[in-house]
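> I'll drop the sequence and a predicted model, then ask my questions.
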Protein chains: 2
Amino acid sequence: MKLAIKRKQLSDQVSELTTNRLSVYLRCLNALDAADVKTVSSQTLAQQFHLNAAQIRKDLAYFGEFGVRGVGYYVKDLKRHLRQILGLERRLKVAILGAGNLGLALSDYPGFRQEGFQIVALFDALSTKVGQQSRGGVPIFDITELRKIAAREKIAIAVIAVPADAAQHVVDQVVAAGIKAILNFSPGTLRAPADVKLKSVDLTVSLESLSFYLAHEEEE
Amino acid sequence: MKLAIKRKQLSDQVSELTTNRLSVYLRCLNALDAADVKTVSSQTLAQQFHLNAAQIRKDLAYFGEFGVRGVGYYVKDLKRHLRQILGLERRLKVAILGAGNLGLALSDYPGFRQEGFQIVALFDALSTKVGQQSRGGVPIFDITELRKIAAREKIAIAVIAVPADAAQHVVDQVVAAGIKAILNFSPGTLRAPADVKLKSVDLTVSLESLSFYLAHEEEE
């Protein structure tokens, strides 16, 4: 197993597209494991989940030799390895900034919990929200308490779910609180220091790629 | 302007990554236009919004010759062209399936409206929700009315914001209602016929790429 040796050189070499695919494979393996399937070939995996078998083999080979000739992959083993590669064995703690509809939706998003992320806190500036909790039981704190609670709870990831005009200020507070990874849902460009990983999910971009598809399909 | 000739061959050749970048450029041009900036060079655009100048020139050149030597790009013109390329001049109508926190958050997401998408309806199966509306005034209809309302309102895009175990059934209903583009927020793999474009936003994948980053940064 080449995993241990290879892990050290990874973050520069592995593109975000690859890690995204590993996440998708993990999601498929979870489904197979839940259905009590013991082994799976790259072909079956590809057929069942509309993926590319050669791409699966290439992606996985990069991290070690997980396949067994004539058998394919052992579902539980591969699932465990993927969780390890993705750093999921540690149950990272997540805070959500903004307790509006979006923040509340994210705090109870079942996928996060299933993969071992713990949503430990929501933060808001509105005094009417502070002290309340989400339907799933995540407490809402005052944003001024961010630094204290981030340190105490060892929060690893901050999710930005505030309106666009407040987003940069909130990101600055997250950075000041020592959090090194940010997932941003607010539209517009945000800045963070080089040692902080800021990943934006722009929901408008997703809709626009569908708009592009519709515009150019109709012409054909 | 080569736009008209080139548009016909686009959908196969232009990757989703390119259309995503065009969306980002449009977002930047909106900001410049709002600040009453008349012209911008690819260098300035790149510096101001943390983009790559050569990539901007390459992406835009593909769709026509928008730059003017010694001037750069006319902000309003380029904005108009990008909106045209992305098919945004038509104000596409969008329905959101699922009126929980996520559906309600999406229905009032300001980015959608700014770019000309009209969220015209929410759909839910819960009778307590039907007849209500979102904070921004989007009405909530019974899911059984989807086909009728989709036809009447000419709904172009459906957004799936229901729990994972209901998602495939809802996608089937959307397809039966004749909607050709679907943006899915539910975890898991969904199926749609080949003539329907199904794009999934898996929020867990975004968190996992941050987890991967954190795991491999710490080792260095």
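Yes, it's here.

> distance between the helix or strand hosting A:His216 and the chain's centre?
Here A:His216 sits within helix A:203-218, counting by DSSP states H and E. Counting by Cα atoms, centre = their mean, to the nearest Å, helix A:203-218 is centred 24 Å from the centre of its parent chain.

> Quick one: check that helix for contact with chain B.
Yes. Against chain B, helix A:203-218 shows contacts by Cβ under 8 Å from any Cβ of the partner chain at A:203-217. No exception for glycine: its C-beta is placed from N, CA and C like everyone else's.

> Got a ChimeraX select line for the buried ones in these?
Buried residues among the residues of helix A:203-218 next to chain B (16 or more other Cβ atoms under 10 Å in any protein chain shown), as a ChimeraX selection:
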select /A:203,204,205,206,207,208,209,210,211,212,213,214,215,216
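
> if we take the residues of helix A:203-218 next to chain B, which one ends up nearest to chain B?
Checking the residues of helix A:203-218 next to chain B against chain B by Cβ to the nearest Cβ gives A:Ala215 as the nearest, at 2.7 Å.

> what's the nearest residue to that closest one once chain neighbours are set aside in contact with, if anything?
Nearest residue to A:Ala215 in three dimensions, chain neighbours excluded: B:Gly87, at 2.7 Å (Cβ to Cβ, 6 or more residues apart in numbering or on different chains). The contact partners of B:Gly87, by Cβ atoms under 8 Å, 6 or more residues apart in numbering or on different chains, come to A:211-212, A:214-216.

> Including pLDDT, could the residues you listed go into JSON lines?
Conversion of those to JSON lines gives the following (pLDDT from 0 to 100):
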{"residue": "A:Ser211", "pLDDT": "90"}
{"residue": "A:Phe212", "pLDDT": "87"}
{"residue": "A:Leu214", "pLDDT": "88"}
{"residue": "A:Ala215", "pLDDT": "85"}
{"residue": "A:His216", "pLDDT": "80"}
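
> Now do the domain split for chain A, please.
Here the domain parsing of chain A from automatic domain parsing is A:3-88, A:91-205.

> Lowest average pLDDT across the ones you listed?
Across these, domain A:3-88 has the smallest mean pLDDT, namely a mean of 82.

> does the longest helix seen in chain A come close to chain B?
Across chain A, the longest stretch assigned as helix under DSSP state H is helix A:16-34. Yes. Helix A:16-34 reaches chain B (Cβ under 8 Å from any Cβ) through A:16, A:19-20, A:22-24, A:26-28, A:31.

> And the residues you listed, which of them are buried?
Among those, the ones that count as buried by 16+ other Cβ under 10 Å are A:19, A:22-24, A:26-28.

> Kindly list the longest strand within chain A.
Identified as the longest strand of chain A according to DSSP state E is strand A:118-124.

> what about the following helix or strand past it, near chain B?
Per DSSP H and E, the first helix or strand lying C-terminal to strand A:118-124 is strand A:140-142. No. If you take Cβ under 8 Å from any Cβ as the test, strand A:140-142 misses chain B, and the best it gets is 13.6 Å.

> Next, the buried residues of strand A:140-142.
For strand A:140-142, the neighbour count (16+ other Cβ under 10 Å) marks A:140-141 as buried.

> next one: whatever helix or strand comes next after that strand to chain centre, how far?
Using DSSP H and E, the helix or strand that follows strand A:140-142 in sequence is helix A:146-153. Helix A:146-153 has its C-alpha centroid displaced from the chain centroid by 21 Å (Cα atoms, centre = their mean).

> same for helix A:146-153, what does it pack against?
Judged by 3 or more Cβ pairs under 8 Å, 6 or more residues apart in numbering or on different chains; DSSP states H and E, helix A:146-153 is in contact with strand A:93-97, strand A:118-124, helix A:164-176.

> can I get the CA coordinates of that helix in CSV?
What follows is the C-alpha trace of helix A:146-153 in CSV, where atoms were taken according to Å, rounded to 0.1, in the frame of the first residue of the first chain:
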residue,chain,number,x,y,z
LEU,A,146,-16.9,33.4,17.2
ARG,A,147,-13.2,33.6,18.3
LYS,A,148,-13.9,32.1,21.7
ILE,A,149,-16.1,29.2,20.5
ALA,A,150,-13.9,28.4,17.5
ALA,A,151,-10.9,27.9,19.8
ARG,A,152,-12.9,26.0,22.4
GLU,A,153,-14.6,23.7,19.9
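
> Now the element after it, going C-ward?
Using DSSP H and E, the next helix or strand after helix A:146-153 towards the C-terminus is strand A:157-160.

> what's the neighbour count on A:Arg152?
A:Arg152 is flanked by 11 other residues according to other Cβ atoms under 10 Å in any protein chain shown.

> contacting residues for it?
By Cβ under 8 Å, 6+ apart, the contact list for A:Arg152 is empty.

> ok, now how distant is the residue most central in space within chain A from chain B?
When Cα atoms, centre = their mean is applied to chain A, the residue found nearest the centroid is A:Phe112 (7.6 Å). Computed as Cβ to the nearest Cβ, to the nearest Å, the A:Phe112 to chain B distance reads 6 Å.

> Need phi/psi at that residue.
Torsion angles at A:Phe112 (phi, psi; degrees, to the nearest 10) stand at phi -60, psi -50.

> Isn't it up against A:Ile119?
Yes. Using Cβ atoms under 8 Å, A:Phe112 is in contact with A:Ile119, at 6.1 Å.

> shared neighbours, these two?
Residues touching both A:Phe112 and A:Ile119 by Cβ under 8 Å, 6+ apart: A:94, A:106.

> if I pick A:Leu32, what's in contact with it?
When contacts are counted by Cβ under 8 Å, 6+ apart, A:Leu32 touches A:40, A:75.

> now, the most widely separated pair of the contacts of B:Gly87?
A:Ser211 and A:His216 (9.8 Å; Cβ to Cβ).

> most neighbours per residue, which of the domains of chain A?
Among the domains of chain A, domain A:91-205 has the highest mean neighbour count (mean count of other Cβ atoms under 10 Å in any protein chain shown), at a mean of 19.

> Adding distance to chain B, write the helices and strands packed on helix A:146-153 out as a markdown table.
Converted to a markdown table, the helices and strands packed on helix A:146-153 look like this (distance: least, Cβ to the nearest Cβ, whole Å):
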| stretch | distance to chain B |
| --- | --- |
| strand A:93-97 | 7 |
| strand A:118-124 | 10 |
| helix A:164-176 | 7 |
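
> wait, isn't A:Gly131 in contact with A:Ile140?
Yes. Using Cβ under 8 Å, A:Gly131 is in contact with A:Ile140, at 6.8 Å.
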